[in-house]
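**Q** Structural data only, the sequence is not supplied:
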DNA sequence: CCAAGAATTGAACTGTTATTCAGTTTATGC
DNA sequence: GCATAAACTGAATAACAGTTCAATTCTTGG
């Protein structure tokens, strides 16, 4: 005979799955700990190591889920912010601004996205590369628009978009690694000015 | 009684040490292989695993040596190229150009410098971060010079230098990861233009 | 050529981590 | 309350990497 799960059990299991994901994110984000072992994650989630495997097929599946979650969270935030503006320059600026703000508010998110976890497998790392690439494609669309509108000169927009994202990535990464720059408002302005000039925005 | 090594033995040992370093670099640079184990490195060098420990105290020491070698090779190349120019813009451009050329000619070098090896320990990874940082400091010096000479406007040169290096890093990384852009001459020009505009170089 | 020192070998040791599974606890439906 | 299913447990397993060391091979200097 097959038993059906009650609502209560379903809720409890959903809750447990969330707990595991939360524990994984916390441990990944932690400064010191290098131990992203299943044992450590299970312990943090308050379950036995074996139980983990009732919720995820293996470690890689967990990591993939973590990354997908973070990614969609970031995308949601960016899209929401972009919707507030019509002007493409403003969209581009808003995208970066909200990205940076999010990273600063949730340093752990930044750490997971931008730092490279030596102990995590290659497949996981490849996912990050994909995300970086998606961000570049978003930037490229905006830059293509700007070229089409003759607001900036003709250029290799793929390269420009890559440069654009790369400059932001590096500054944010520097901030995560050594806490520099201290004054982010000023740094953000410098960075934005740098890239706007870089794209060839006309003075108005 | 203590025996003295003959010239021949000393030469052979130096040669063996070099072989180990070469094997390590090859294996690190390889596309597919995830296996950067001492066993694999020793095998490639044609020695037993135990022999490795007669030449390096441990794996970390080997990695440090590999990184230091690569680093000094890159620095040597950059310095040599910079010496050819007097104008600071030219020095800055030449530094980047020779960096990119070197990475393109020796893709394995680029891979070791710019990709992130998940299986390699944190200490090793930190070394790369240091190198990236040194490159930023070099760029900063040039940019400081340019500001002092009133060739570009006042700016947060640390942020600009970080953005500068970051944009190059990202484009080179993209090339390593997915082979884009195809036409490097054009891409390099775009990138250089982008950054020169970004720095605020006056039209002449 | 030979005895002692030096170098080399690779199997064994150690530590670590993902994964499994036999035994235990909890939930279900009558 | 009970029989059975489902969930949970955590010690055991397996696989793998860095390191060691007793045994072996090569080198030295007389």
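**A** In hand now; what should we look at? The shown structure was predicted, so the numbers you read here are calculated from the model rather than taken from an experiment. Residues are numbered from 1 along each chain as shown, chains lettered A, B, ... in the order given.

**Q** is the helix or strand harbouring residue A:64 anywhere near DNA strand D?
**A** Applying DSSP states H and E as the criterion places residue A:64 in helix A:59-82. No. Applying C-beta under 7 Å from any atom of the strand, one finds helix A:59-82 separated from DNA strand D by no less than 13.1 Å. Any C-beta I mention is one placed from the backbone N, CA and C, and that applies to glycine too.

**Q** Give the buried residues for that helix.
**A** Across helix A:59-82, burial judged by 16 or more other C-beta atoms under 10 Å in any protein chain shown covers A:59, A:62-63, A:65-67, A:70-71, A:74, A:78, A:81-82.

**Q** For those, work out which two are farthest apart.
**A** Distance extremes for these: the farthest pair is A:59 and A:82 at 34.6 Å, using C-beta to C-beta.

**Q** Three-state assignment for the closest residue to residue A:78 other than its chain neighbours, please.
**A** Closest residue in space to residue A:78, ignoring its immediate chain neighbours: residue A:95 at 5.3 Å, by C-beta to C-beta, 6 or more residues apart in numbering or on different chains. Recorded secondary structure, residue A:95: helix (DSSP: H, G, I helix; E, B strand; the rest coil).

**Q** ok, residue A:95 - contacts?
**A** By C-beta atoms under 8 Å, 6 or more residues apart in numbering or on different chains, residue A:95 lies in contact with A:78, A:81-82, A:138-139, A:142.

**Q** Which strand or helix spans residue A:3?
**A** Assignment of secondary structure by DSSP H and E places residue A:3 within no helix or strand.

**Q** where's it relative to residue A:51, distance?
**A** Relative to residue A:51, residue A:3 is positioned 19 Å away (C-beta to C-beta, to the nearest Å).

**Q** cool, and residue A:17?
**A** For residue A:17, the distance to residue A:51 equals 11 Å [C-beta to C-beta].

**Q** hmm, the strand or helix carrying residue A:21 touching chain B?
**A** Residue A:21 is part of helix A:7-29 when elements are defined by DSSP H and E. No. With C-beta under 8 Å from any C-beta of the partner chain as the criterion, chain B is not reached by helix A:7-29; the gap is at least 13.5 Å.

**Q** Helices of chain A, residue ranges please.
**A** A:7-29, A:38-45, A:49-55, A:59-82, A:88-105, A:107-114, A:122-148, A:157-178, A:184-199 (DSSP state H).

**Q** possible to save those helices as CSV with mean pLDDT?
**A** Below are these laid out as CSV (pLDDT from 0 to 100):
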stretch, mean pLDDT
helix A:7-29, 94
helix A:38-45, 96
helix A:49-55, 98
helix A:59-82, 89
helix A:88-105, 86
helix A:107-114, 64
helix A:122-148, 82
helix A:157-178, 90
helix A:184-199, 92
